[in-house]
Each structure stands twice: as structure tokens, then as C-alpha cells.
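[1] please work out how this folds:
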Amino acid sequence: MRATLFLFTTLFCSAATAAQPDAAAAHAQLLGTFDNAAQVANEPHSKEQPVPHVTIKIEPTPQKDFSLWHMRIQTDAESTFEQTWAMQTRIEYDGSGALIPYYQLHQDSVPQATAFDSQGWLSLEACALRGKFAPTRLQGFAEGEPCVAVSMNVGARRALLPVSFSREGDWLHVDLNLRGVRTRIDARQSR
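    Alright, predicted model coming up:
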């Protein structure tokens, strides 16, 4: 009886572990360049605040658990904004996943992934995107109040900070707080 129980417990724990990727697998799943051009093209032109054109390039760094998220948002023909976030991929104690954003205090030029050093970046742990990381789908969201309090120090750049995400197939869905309005970006991976 004990041997059967031990075998059943071992198989159950192995299956549960296999159902969740480790941080490296989740990290690799996020990499790529994503664009919401199709979403913008299908957007009704009569909307008061149309969805902006967004490109997100996620690239690996020499630190295996970090990636750089280069966010580029074009709100109209004359207005383009860019911000790069470092995101640390982590599996939490309860088995859930987390992306912890980091920012540079003075980001005067586009940071290069090959020269990334986390020592020059500040953590926004309160804005961590926590959720379920499965082999075919990653998703997470930030808790509202703690993130708002911490991100006030980031200034206007916080509008470009993802407050939720999901990655599945060719799609990266990201929610941003643009002009105080939660805006969903549906970006498809470029080939």
C-alpha cells in the first residue's frame, strides 16, 4: 500500500511539475518582435481615443532571467514614444510565474541587450505581473494600488508599463494605461 501511495504521489508531483515551465522556458517563450498593425487597421476611425500603433521587441540579455522589452507607441503621425523595460522572469514559491519590471532612472538612449547589467536598473517589484505560466500560455497582471504608488516615481513613462499580459501562439496581448484609460494591445509576432 505504501509503495502504491508513494508511486502515485511521485507521478502526481511529476505531472504537476511538467505542466508548468521553468523560468528559462517561460523566458524563451516571450522573446520576439510583436506588432498590433492589424488591430489598428481594424479599429473604427470614429473612436474618440483610437488604439495606438504599438511595437514590442523582447530580446534576451546575458543575464539568463532578464529580457529587455523595447516598447514603441505611435499615438498619431507626429507623436511617437519609446521606453525600454528590463523584465526578470521568475517562478514564485507557489509555482506561479512573475515578470518583474525594472527601469533605468535616466534612460537617455535605447539600452542594448548585449550590454545589459541589472545593477544599473531599479526594481518595480510592486508592479510585478504575476499569474499562471503554462507550457503553451503565459499570463500575468499587476496589483493596482501597490503598483500605482510605486510607479509614480517613474513619471510619464509609466503609461508605457504593461499592467497585464498574455502570451499564446503568435500573440502577445498587453494592457497599458494610456491617458488614464486601460488599453488592450493585441500584437502579433513578426516572422
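[2] which residues are contacting the longest strand belonging to the chain?
    In the chain, taking DSSP state E as the definition, the longest strand is strand 79-91. Residues from elsewhere that reach strand 79-91 (C-beta atoms under 8 Å, 6 or more residues apart in numbering): 20, 22-24, 26-27, 30, 58, 61, 65-75, 97-104, 107, 110-111, 116, 118, 121, 133, 157, 159-162. No exception for glycine: its C-beta is placed from N, CA and C like everyone else's.
[3] swap in stretch 164-171?
    Contacts of stretch 164-171 (C-beta under 8 Å, 6+ apart): 29-30, 34, 99, 129, 136-142, 172-175, 186-189.
[4] circling back: buried ones only from the contacts of strand 79-91, please, as a ChimeraX command.
    In ChimeraX syntax, the buried subset of the contacts of strand 79-91 is picked out as below (16 or more other C-beta atoms under 10 Å):
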select :20,23,26,27,30,58,61,65,66,67,68,69,70,71,72,73,75,97,98,99,100,101,102,103,104,111,116,121,133,157,159,160,161,162
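[5] so of the contacts of strand 79-91, which ones are in helices?
    With DSSP state H as the criterion, helices contain 23-24, 26-27, 30 from among those.
[6] and the most centrally placed residue in the chain, how far from Asp76?
    Nearest to the geometric centre of the chain sits Phe165, at 5.6 Å (C-alpha atoms, centre = their mean). According to C-beta to C-beta, to the nearest Å, Phe165 and Asp76 sit 25 Å apart.
[7] ok, Met71 touching Leu160?
    Yes. With contact defined as C-beta atoms under 8 Å, Met71 reaches Leu160; the gap is 4.8 Å.
[8] the longest strand of the chain pairs with which strands, parallel or anti?
    Paired strands of strand 79-91, with direction, are strand 66-76 (antiparallel), strand 97-103 (antiparallel) (DSSP bridges).
[9] now it: buried residues?
    83-91.
[10] Pro101 against Leu122, yeah?
    No. Between Pro101 and Leu122 there is no contact under C-beta under 8 Å: 9.7 Å.
[11] how many degrees apart are the longest strand of the chain and helix 23-30 in direction?
    Here strand 79-91 runs at an angle of 150 degrees relative to helix 23-30 (axes from the mean of the first three to the mean of the last three C-alpha atoms, to 10 degrees).
[12] how far does strand 79-91 sit from its chain's centre?
    7 Å (C-alpha atoms, centre = their mean, to the nearest Å).
[13] lowest mean pLDDT among the helices and strands of the chain, which one is it?
    helix 2-18 (a mean of 46; mean pLDDT, DSSP states H and E).
[14] CA atoms of stretch 172-179 as CSV?
    Provided in CSV are the C-alpha atoms of stretch 172-179 (Å, rounded to 0.1, in the frame of the first residue of the first chain):
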residue,chain,number,x,y,z
LEU,A,172,1.2,39.0,-27.2
HIS,A,173,-1.7,40.8,-25.5
VAL,A,174,-0.6,43.7,-23.3
ASP,A,175,-2.7,46.2,-21.3
LEU,A,176,-1.4,49.7,-20.8
ASN,A,177,-2.8,52.7,-19.0
LEU,A,178,-2.7,55.2,-21.8
ARG,A,179,-4.1,58.7,-20.9
